[in-house]
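# Make a model of this:
(chains A, B, C and D)
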There are 2 protein chains.
Amino acid sequence: MTSQTELQPAPERLQVTTLQPQSRATLADVGRLAGVSSKTVSRVVLDSGNVSKDTRDKVLAAARSLRFRPNHLARNLRHGSVTNTVAFIIGDLTNPFYFLVAAGIERELARHGLMMILAATDDDPASEERVVQNLLDQRVRALLMVPIAADQGYLEGERQLGTPVVCIDRPARNLIADSVVLGSFEATAEAVRGLIRAGHRRIAFVCSPAALYTHQERLRGYRQALREAGVLDSSPWERLENPGGPTAEESVRDLLAMSEPPTAIIAGNNHASLGVVRALGNHFDRLAFIGFDDFELADALGISVIAYDPAELGRRAAQLVIARLNDLIGPPQQIEIATHLIHRGSGELLVPRDQ
Amino acid sequence: MTSQTELQPAPERLQVTTLQPQSRATLADVGRLAGVSSKTVSRVVLDSGNVSKDTRDKVLAAARSLRFRPNHLARNLRHGSVTNTVAFIIGDLTNPFYFLVAAGIERELARHGLMMILAATDDDPASEERVVQNLLDQRVRALLMVPIAADQGYLEGERQLGTPVVCIDRPARNLIADSVVLGSFEATAEAVRGLIRAGHRRIAFVCSPAALYTHQERLRGYRQALREAGVLDSSPWERLENPGGPTAEESVRDLLAMSEPPTAIIAGNNHASLGVVRALGNHFDRLAFIGFDDFELADALGISVIAYDPAELGRRAAQLVIARLNDLIGPPQQIEIATHLIHRGSGELLVPRDQ
DNA sequence: AGTCTCAATGTCAACGTAGACATTACGAAT
DNA sequence: ATTCGTAATGTCTACGTTGACATTGAGACT
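Residues are numbered from 1 along each chain as shown, chains lettered A, B, ... in the order given. The predicted structure is shown next:
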């Protein structure tokens, strides 16, 4: 059904106008037409003063007629190869979470006249360095990244050269860099404590692969809270999705089929939450459920989540980059974004009666 | 709860290494160290042959020790200011739909050594031209855009200069440009015909604002199918969300409260679908429901949708851009991406018994 | 009238790279 | 031994821009 149609407008005219790739006008071209030097044109374009009204008008007219457009490449080269682009490097482009982060970044950067280049590593640690090097060759002014590779040490040299690096969602390894993260440990622990207060003891933890660091933190928080309640071995209820292994959805079905099934589930991230929802179908009352990350329709489905603003992650990271570009010096910062538990029902279920 | 912590590693050492923004090594620097001319270094870097193994090794060693990195700005300037970046301009960055499109674009571009700059216009028609001009100043090689402004005529000059422009999701206005769109009209008509065959007559159409073109097409398809079935006036059941007016969710509640409520609903896009879901709560059996655009959990909720692959939209658009960059000439093309109705239950409901 | 000030404009060079072209030198072919 | 081919390397320049500095001229002040 995918098809191609050609639109009507006179093809020959089109070809003619397309086949003359008139190269772009330069300052000198404009100057020639206006009868002034290229430097004067430059002054007009930059609005740097000391140009008579008369000349100014002539130059602007000439520029318009030639469709002059300042060449940022040359400009940047002239100024020491400093561009106004910042790169954001993501592993998995299809995760809506990162898109919201990207939106926050883009907006904040735009407020400061910077542009965002988006690059993906397809969650392939090996391609991370390649992609980063390529971006540095483009002379991006700073790097925002969700670290994927086991080690970001390869950026040490670049850091010394003054390129700000800000890591998002998890800190860099082997690299002194700023980072903006979530308080995963404490947030998860607190959620689990709530379940414990409600009487739950058999609490499961499900998560999909992806972010090692965040998931470890969340797992730590989960275990910590259970330990506080005297539950020392939670391993039967921990289901960490591994590549090739069962999916979050399958893990949940598996948990439900246990002889002593959990009475509550914590989902480690939005993917895992979706798995839980799929596995539970319409039977949300079978157990208590709290997901990390808010997700679309969670409100409609009455699912309690540990929420935060992904755009805020991006915004803060971008602000940090901008501060560094403005000569903020000092030790690396780790900014923690606030999370909060949103009660929507699923997390407040009491321990089922049959306990 | 948002906090800032400082990491440990020795601050003084950090400051020392940060405060020397050693400027980057150039070809000439490397040549000096290796005892050859900058041109020879250039040859090594470009791997353009005619360099003795011996020299080559020396140069590579020097380059490594100086952390040499080729300057793409200078390179691009040298080659007529042709970069390897392509811009993708979106209105609303928070719509997950566009993110999936962006993912498709990014991947396809990357396969051809191109990078994607993502820019947002915040759905503000006025800012579209500003953003675009800015990007052109950066010498992006091509533009991919979801048109927001009423008119893209301002790009005509640029098109004549040979910059490919490909519009996504809706065609450009006042500009001869390629576009990649969905078969919205036919797909919607077909979905409605299905409902009609199942006996429905009072079929509502709900959509949120956003894309004027697509929504008009879908509305046209909806009306067309109804007209075929002899329903000439569908206006009582058309709920087009306008800024400031009722949301999709409210519109649905309103529809359900009618004395003769619709027996089926078509949602014009994913936003509208979510509104419908929220309004219906758990009562999906109250009426038949088909949404345009697939969305997360639609499968789990058993909601029938008109689906397609957003990444495919992006991929095809990127392919078109690449073809144009490779001197594909000829009239503008309009590529239509296939859609298909996914039956999940909600669209197959018979007319409620009380009819 | 002579000197000074400063606005208006121009000239020159350099940012880092790579094509065009020049030069060198060494082994091969005559 | 001389010529030739060519691999290896170098020199020069332009890409478009803008800072640093130079020049011009007209009005202000003594």
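# Next SSE downstream of the helix or strand of chain A with the lowest mean pLDDT?
Ranked by mean pLDDT, DSSP states H and E, the weakest helix or strand in chain A is helix A:11-19, scoring a mean of 32. Later in the chain than helix A:11-19, the nearest helix or strand by DSSP states H and E is helix A:27-34.
# hmm, that next one touching chain B?
No: counting by Cβ under 8 Å from any Cβ of the partner chain, chain B is not contacted by helix A:27-34; separation bottoms out at 13.1 Å. C-betas here are computed from N, CA, C, even on glycine.
# Name the residues that touch that helix?
The contact list for helix A:27-34 (Cβ atoms under 8 Å, 6 or more residues apart in numbering or on different chains) reads A:37-42, A:45, A:55, A:58-59, A:61-63, A:65-66, A:68, A:70.
# for A:Arg278, phi and psi?
Torsion angles at A:Arg278 (phi, psi; degrees, to the nearest 10) stand at phi -60, psi -40.
# Surely it and B:Leu301 touch.
No: A:Arg278 is beyond contact range of B:Leu301, at 10.0 Å (criterion: Cβ atoms under 8 Å).
# Among the two, which residue is more densely surrounded?
Neighbours were counted for A:Arg278 and for B:Leu301 using other Cβ atoms under 10 Å in any protein chain shown; B:Leu301 has more, 24 against 18.
# distance of the more buried one from A:Gly281?
Per Cβ to Cβ, to the nearest Å, B:Leu301 is found 10 Å from A:Gly281.
# could you pull out the helices for chain A?
A:11-19, A:27-34, A:38-46, A:53-65, A:72-78, A:96-111, A:125-137, A:156-160, A:184-197, A:212-228, A:248-256, A:270-280, A:298-301, A:310-325 (DSSP state H).
# How many residues are close by the spatially closest residue to A:Lys58 that is not a sequence neighbour?
On the basis of Cβ to Cβ, 6 or more residues apart in numbering or on different chains, the spatially nearest residue to A:Lys58 that is not a chain neighbour turns out to be A:Ala34, at 4.6 Å. By other Cβ under 10 Å, the residues close to A:Ala34 number 22.
# how far away is A:Ala34 from B:Arg56?
With distances taken as Cβ to Cβ, A:Ala34 is found 49 Å from B:Arg56.
# Now for A:Ala191: which residues touch it?
A:Ala191 sits next to A:225, A:266, A:290, A:306, A:341, A:347 when contact means Cβ under 8 Å, 6+ apart.
# Just the buried subset of these, please.
A:225, A:266, A:290, A:306, A:347 (16 or more other Cβ atoms under 10 Å in any protein chain shown).
# So for the last one, what's the nearest residue that isn't a sequence neighbour?
It stands for A:Gly347. That would be A:Ser304: by Cβ to Cβ, 6+ apart, it lies 3.1 Å from A:Gly347.
# what about that neighbour, how many neighbours?
21.
# What of A:Gly244?
Around A:Gly244 there are 5 residues (other Cβ under 10 Å).
# Kindly list the main-chain dihedrals of whatever residue of the stretch 201-350 of chain A ends up closest to chain B?
With Cβ to the nearest Cβ, the shortest gap between the stretch 201-350 of chain A and chain B falls at A:Ala338, namely 4.1 Å. With angles defined as degrees, to the nearest 10, A:Ala338 sits at phi -70, psi 140.
# any low-confidence regions in chain A?
A:1-22, A:209-211, A:282, A:349-355 (pLDDT under 70).
# Highest mean neighbour count out of the helices of chain A?
Among those, judged by mean count of other Cβ atoms under 10 Å in any protein chain shown, the one packed with the most neighbours on average is helix A:270-280 (a mean of 25).
# from memory A:Val277 sits against B:Ala300, does it?
Yes: under the criterion of Cβ under 8 Å, A:Val277 makes contact with B:Ala300 at 5.7 Å.
# Report the residue ranges of every domain in chain A.
A:26-70, A:184-310 (automatic domain parsing).
# distance between the first one and the chain's centre?
Pointing back at domain A:26-70 there. 41 Å (Cα atoms, centre = their mean, to the nearest Å).
# what's the answer for stretch A:327-340, then?
For stretch A:327-340, the distance from its own C-alpha centre to the chain's C-alpha centre is 16 Å (Cα atoms, centre = their mean).
# Around DNA strand D, which positions in the stretch 51-200 of chain A sit nearby?
Counting by Cβ under 7 Å from any atom of the strand, the positions of the stretch 51-200 of chain A adjacent to DNA strand D are A:70-71, A:74-75, A:77-79.
# so can I have CSV of these showing distance to chain B?
What follows is those, written out as CSV (distance: Cβ to the nearest Cβ, whole Å):
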residue, distance to chain B
A:Pro70, 6
A:Asn71, 6
A:Ala74, 6
A:Arg75, 9
A:Leu77, 5
A:Arg78, 10
A:His79, 10
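# returning to that earlier point: for the buried ones among the contacts of A:Ala191, which one is nearest DNA strand D?
Here the nearest of the buried ones among the contacts of A:Ala191 to DNA strand D, counting by Cβ to the nearest atom of the strand, is A:Ile306; it sits at 48.8 Å.
# And the closest one, how close does it get to A:His343?
Distance check for A:Ile306 against A:His343: by Cβ to Cβ, it reads 11 Å.
# circling back to that earlier point, just checking, which of the buried ones among the contacts of A:Ala191 belong to strands?
A:266, A:290, A:306 (DSSP state E).
# Tell me what the first one is bridged to.
If I follow you right, that is A:Ile266. For A:Ile266, the beta-bridge partners under DSSP bridges are A:Phe205, A:Ile290.
# Whatever residue of the stretch 101-250 of chain A ends up closest to DNA strand C: what's it in contact with?
Using Cβ to the nearest atom of the strand, the closest approach of the stretch 101-250 of chain A to DNA strand C is made by A:Asp137 at 8.8 Å. By Cβ under 8 Å, 6+ apart, A:Asp137 lies in contact with B:69-72.
# can I get these in JSON lines with distance to A:Leu155?
Formatted as JSON lines, the contacts of A:Asp137 follow (distance: Cβ to Cβ, whole Å):
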{"residue": "B:Arg69", "distance to A:Leu155": "12"}
{"residue": "B:Pro70", "distance to A:Leu155": "18"}
{"residue": "B:Asn71", "distance to A:Leu155": "19"}
{"residue": "B:His72", "distance to A:Leu155": "18"}
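# Quick check on those residues: which are buried?
Applying a neighbour-count criterion of 16+ other Cβ under 10 Å, the buried members of the contacts of A:Asp137 are B:69, B:71-72.
# Contact residues of chain A facing DNA strand C?
A:31, A:35-40, A:43, A:49-52, A:54-56, A:74, A:77-78, A:80-81.
# what about 6 Å?
Listed as neighbours of DNA strand C in chain A under the rule Cβ under 6 Å from any atom of the strand: A:36-37, A:39-40, A:50-52, A:55, A:77-78, A:81.
# Run a quick neighbour tally on A:Pro171.
There are 18 residues near A:Pro171, going by other Cβ under 10 Å.
# Count the neighbours of the residue lying closest to it once chain neighbours are set aside for me.
Among residues not flanking A:Pro171 along the chain, A:Ser179 sits closest, at 4.3 Å (Cβ to Cβ, 6+ apart). A:Ser179 has 25 neighbours, counted by other Cβ under 10 Å.
# Confirm for me that A:Ser179 is in contact with A:Ile335.
Yes: A:Ser179 lies in contact with A:Ile335 (Cβ under 8 Å); the separation is 7.3 Å.
# how far away is the residue of the stretch 201-350 of chain A closest to chain B from A:Tyr154?
Applying Cβ to Cβ, the value for A:Ala338 to A:Tyr154 is 32 Å.
# what do you get for A:Thr163?
From A:Thr163 to A:Tyr154 the distance is 12 Å (Cβ to Cβ).
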